[in-house]
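> I'll drop the sequence and a predicted model, then ask my questions.
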Amino acid sequence: MLYHIYETQRSLMEPFTDFAQAAAKLFSNPMSPLSQSPLAQRMSAGYDLMYRLGKDYEKPTFDIHTVDVDGVGVAVHEHIEVDKPFCELRRFKRFSDDTNTLTKLKTQPVVLIVAPLSGHYATLLRDTVRTMLKDHKVYITDWKNARLVPLSEGEFHLDDYVNYVQDFIRHLQGIYGNCHVISVCQPTVPVLAAVSLMASRGETTPLTMTMMGGPIDARKSPTAVNNLATNRSYEWFENNVIYRVPDNFPGAGRRVYPGFLQYTGFVAMNPDRHATSHYDYFKDLIKGDDTSVEAHRKFYDEYNAVLDMDADYYLETIQTVFQDYKLVHGTWDVRSPEGKVERVRPQDITTTALFTVEGELDDISGSGQTEAAHDLCSGVVRKEQRHLEAKGAGHYGIFSGRRWRDMVYPQVRAFILEHEVPQKNTAATIVEIPDDNPPARKAVVAASKLAAKPALKAAPAKTATRAAAKAKPVEAPKLAKPAATKPGKAVAAPKAAAKPSPKAVPKAAASASAVATRWVKPAGEQPTGAAAAPETELGTAKAAVTAAPATRPRVRASAARKG
């Protein structure tokens with residue numbers, strides 16, 4: 001009933017918000033006689049603020065049309081790659097007339113960004129996507145508003161989220177051979193589950209997982225969000241925040257957690273900050289500070305646009321992540337699309353490198369919650385793990401804004417490059433097919449899937465080593481300086497390279513034997529090795545991060561080629 005009351009109130013307020021918008025223009029337009037009256041600027045500012053407080057905010061667009069790649073402007077075309085009932089996989093395809101730039105674009109890493117389904121649209125990661133497009137082929141999950149999904153499409157559960165992620169990963173693997181996965185906030189948990197299940201089945205897993213500001217272990221450093229979930233029972237959430245969609249939407253009758261309730265919760269966390277922001281907006285309108293006014297509008301156009309979440313997905317997330325801690329306790333079972341129930345075992349992940357990112361001032365995912373993934377992924381060797389705490393960054397600062405661009409992104413880019421492997425030839429073919437020729441594109445994608453070898457289960461260590469020795473050696477990329485070690489411990493100078501024996505592993509695997517740690521460096525210590533290699537642009541960024549070897553062991557890839 002509350003949803004119906006809200007929609008009735010919104011419909012009644014709509015004429016007043018339209019009037020406020022018109023009045024604001026009447027008092028601000030220099031051609032209008034009212035703009036010459038006393039207090040015209042204040043009247044215009046007041047009406048403009050009233051309009052923005054009462055209007056209905058629709059889903060924003062990514063609005064990314066060009067990016068700069070090494071000084072060359074590259075056109076960007078956004079299109080839907082995969083369309084599922086509750087989610088779209090969007091690709092940001094890049095075009096260039098410059099031959100050198102086009103060659104570079106074809107060989108750049110493929111990244112799947114898994115956007116959060118926690119109230120806001122995927123466009124909240126607009127800055128993340130725009131920055132990543134400079135050096136990567138970017139795909140992103142764009143979750144749909146549940147009130148727009150007809151009941152005939154069925155319910156959406158947390159298990160479905162996990163299965164969607166697996167499908168998207170397999171889709172990119174079928175085209176390019178493999179990919180890198182970045183999850184921001186809420187999806188860190190289902191992404192870890194998806195990769196764990198793929199590893200347990202013996203499927204090929206992504207080259208890297210980058211997890212940013214997510215509640216992997218919500219018991220650590222609990223925040224206001226965590227406390228709300230733990231202080232209320234499952235039944236309380238079901239009885240107080242779940243409502244049915246009104247009849248004027250395609251998803252009429254669907255049980256959802258409404259977006260307007262989520263927005264109320266967002267504002268309630270920092271009411272003083274939002275009140276001050278709106279008052280500053282009013283004063284900026286009076287002063288004519290167009291830059292500050294436009295910045296305010298852009299932020300709140302995104303912040304105020306919220307979506308409904310399916311009730312089953314929301315309630316299961318509350319119970320699984322914040323109340324029962326099933327992931328960290330090892331009791332989480334996920335049902336596959338075929339109906340098979342499988343246990344989530346992060347310890348089965350062995351061939352995917354792990355990078356976790358936290359903000360020092362994050363008030364949504366507390367300190368240590370994301371870093372807990374390293375303890376769960378015990379099968380990933382320590383040198384393939386890395387953790388970054390962004391100094392001075394809040395929750396949004398680790399994926400948007402200056403700190404993301406100057407402090408976090410350079411480390412994410414370097415981590416991905418360290419673990420990148422050559423892509424399948426089919427990827428280059430697809431790049432050259434225009435998006436305005438869907439039949440040709442579908443034909444090439446289908447051909448690439450038929451040509452792709454089935455995913456193989458990782459071979460035992462001894463067998464994989466013998467297979468790697470017999471395989472054709474792969475030239476390793478140029479290595480950075482040796483990784484930094486823990487302070488206080490001397491490191492022996494490396495011995496001269498010995499003549500490889502027939503049983504030796506490939507050069508890339510052998511060069512990865514340098515010991516590294518993911519623990520934070522002391523303040524003031526200059527990063528060395530892979531952590532420092534890419535970034536003269538880091539400047540004085542206060543990010544503490546440890547180095548990983550510049551190459552990724554190639555044992556599994558060699559064994560797969562042999563098979």
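Cool, got the structure.
> In the chain, where is pLDDT below threshold?
Residues of the chain meeting the criterion pLDDT under 70: 424-563.
> need the longest helix for it.
Longest helix in the chain by number of residues, with DSSP state H as the criterion: helix 2-28.
> List the buried residues for stretch 23-40?
For stretch 23-40, burial by neighbour count (16 or more other C-beta atoms under 10 Å) applies to 23, 24, 25, 26, 27, 28, 35, 40. C-betas here are computed from N, CA, C, even on glycine.
> Now for the third one: which residues touch it?
Read that as residue 25. 32, 44 (C-beta atoms under 8 Å, 6 or more residues apart in numbering).
> next one: the fifth one
With contact set as C-beta under 8 Å, 6+ apart, residue 27 has these partners: 34, 35, 37, 40, 41, 43, 44, 47.
> cool, and the last one?
Under the criterion of C-beta under 8 Å, 6+ apart, the contact partners of residue 40 comprise 27, 28, 34.
> Pick the one among those closest to residue 59.
Closest approach to residue 59 among these (C-beta to C-beta): residue 28, at 27.7 Å.
> Can you tell me how far the closest one is from residue 362?
39 Å (C-beta to C-beta, to the nearest Å).
> Please apply the same query to residue 22.
Noted for residue 22: a distance of 42 Å to residue 362, by C-beta to C-beta.
> hang on, the earlier thing: now tabulate the contacts of residue 27 in a markdown table and tack on distance to residue 156.
Shown next, in a markdown table, are the contacts of residue 27 (distance: C-beta to C-beta, whole Å):
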| residue | distance to residue 156 |
| --- | --- |
| 34 | 50 |
| 35 | 50 |
| 37 | 54 |
| 40 | 50 |
| 41 | 48 |
| 43 | 47 |
| 44 | 44 |
| 47 | 40 |
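> Pick the one among those closest to residue 366.
When the contacts of residue 27 are compared for distance to residue 366 (C-beta to C-beta), residue 47 wins out at 41.3 Å.
> Hmm, the closest one is touching residue 24, no?
Yes. Residue 47 lies in contact with residue 24 (C-beta atoms under 8 Å); the separation is 3.9 Å.
> quick revisit: C-terminal to the longest helix of the chain, what's the next element?
helix 40-54 (DSSP states H and E).
> Sheet partners, orientation included, of the following helix or strand past that following helix?
Reading on from helix 40-54 to the C-terminus, the next helix or strand found by DSSP H and E is strand 66-69. Applying DSSP bridges, strand 66-69 is found paired with strand 72-83 (antiparallel).
> residues in contact with residue 226?
215, 218, 322, 366.
> which of these has the most neighbours?
Among the contacts of residue 226, the one with the most neighbours (other C-beta atoms under 10 Å) is residue 215, at 27 neighbours.
> what ranges do the helices span in the stretch 51-200 of the chain?
99-107, 126-132, 158-176, 188-200 (DSSP state H, counting those that start in this stretch).
> Tell me which of those sits most buried.
helix 188-200 (a mean of 26; mean count of other C-beta atoms under 10 Å).
> Sheet-wise, list the partners of the helix or strand that that one is followed by with their directions.
As assigned by DSSP H and E, the chain's next helix or strand after helix 188-200 is strand 208-212. Here strand 208-212 is paired, per DSSP bridges, with strand 180-184 (parallel), strand 353-359 (parallel).
> where's strand 208-212 relative to the chain centroid, distance-wise?
Distance, stretch centre to chain centre, for strand 208-212: 8 Å (C-alpha atoms, centre = their mean, to the nearest Å).
> Also stretch 37-57?
Mean-position distance between stretch 37-57 and its chain equals 36 Å (C-alpha atoms, centre = their mean).
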